[in-house]
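> Just the structure for this:
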Amino acid sequence: MGNNIAASTLGPSSGILAQTGVQGFKPSPALDIRFYSKDKRYYNHFGVARSISPDGLFADSDDNRSGLQFHTKDARAVFIDEVGYRVEAGPGQKKIWLRGGVIYNNSKFTRLDEPGQKSSNYGSYAVADLQLTQPDSALPYRGWYVNAYVNQGRNDVDYLPIAFGASIYSLAPFESRPYDLLAFGISRNQYSNWLKRNAALSGADYANATTNLSISYAYRVRQGVYLQSALIYTDNPTFSPKRGSSLNAYTTLVLVF
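Residues are numbered from 1 along each chain as shown. Alright, predicted model coming up:
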């Protein structure tokens with residue numbers, strides 16, 4: 001529920017939030033409520049927002065070019081509820097963040113098993129971040145971390161209903177670079193059985209899943225400005241027609257407010 005420089009540097013991940021209508025290119029009206037335990041470690045984070053278009057990100061962007069429209073075509077409410085346990089790094093305390101959530105969207109999405117029919121969409125996810133090392137007591141967040149996630153969507157609605165992955169990453173990887181981030185990641189996105197069935201019936205060749213291996217580095221230029229570079233190897237970069245593996249490199253300037 002949100003985005004930050006760490007999330008964008010960890011490499012390709014699941015598209016479950018986009019597929020269920022939570023994440024888009026443009027802002028949307030939303031209500032956000034959070035409850036915390038007395039010690040602030042346990043929380044419940046609930047949100048409701050106007051969904052992106054069930055026809056996809058580009059259709060949503062075309063229908064809401066200004067990003068200021070309260071309503072967009074065929075988009076209804078999307079609900080997300082996350083529960084978690086979070087402890088920030090401190091002297092003698094390594095960071096722990098465990099969370100899981102469910103998503104429900106009552107917009108009408110085209111079904112893959114019955115293309116003439118539409119239905120609501122839903123999904124779930126679980127994510128864990130654990131700090132493994134803490135070499136500098138003056139900078140308790142510094143060290144190596146491991147991240148792992150698994151996401152589940154509707155097999156009869158979502159093109160990529162199952163995704164899982166893991167990353168090992170370092171905050172402040174060098175003593176002279178206390179705000180940089182280095183990450184190595186692997187992720188796998190599995191295509192819907194119904195999508196594969198439809199491709200087989202049409203005689204097209206197709207991939208069962210897409211696997212990504214990545215290495216990335218976020219270099220802090222100044223406060224709020226990062227230069228993010230990555231090298232990503234992808235096995236089966238397209239669903240159909242099935243194509244050979246790809247290797248991509250990119251550099252992006254990221255502004256964090």
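
> what's near enough to touch Val87?
Arg41, Gln93, Lys95, Ile96, Trp97 (Cβ atoms under 8 Å, 6 or more residues apart in numbering). In short, each C-beta sits where N, CA and C put it, glycine included.

> my guess is Pro241 meets Ser202, correct?
No - between Pro241 and Ser202 there is no contact, the gap being 11.3 Å when judged by Cβ atoms under 8 Å.

> Generate the PyMOL command that creates a selection of the buried members of the contacts of Val87.
Burial among those is assessed by 16 or more other Cβ atoms under 10 Å; the matching PyMOL selection reads:
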select buried, resi 95+97
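
> any idea how far the biggest helix by length in the chain is from the chain center?
If you go by DSSP state H, the chain has its longest helix at helix 193-201. Remark: helix 193-201 is offset 25 Å from the chain centroid, using Cα atoms, centre = their mean, to the nearest Å.

> Okay, buried residues for that helix please.
Counting neighbours by 16+ other Cβ under 10 Å, one finds that the buried residues in helix 193-201 are Trp194, Leu195, Lys196, Asn198, Ala199.

> Max pairwise distance over these: which two?
Trp194 and Ala199 (9.8 Å; Cβ to Cβ).

> which residues do the two both contact?
With Cβ under 8 Å, 6+ apart, Trp194 and Ala199 have no common neighbours.

> Dump the contacts of Val87 to JSON lines, plus pLDDT.
Below are the contacts of Val87 laid out as JSON lines (pLDDT from 0 to 100):
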{"residue": "Arg41", "pLDDT": "97"}
{"residue": "Gln93", "pLDDT": "96"}
{"residue": "Lys95", "pLDDT": "97"}
{"residue": "Ile96", "pLDDT": "97"}
{"residue": "Trp97", "pLDDT": "96"}
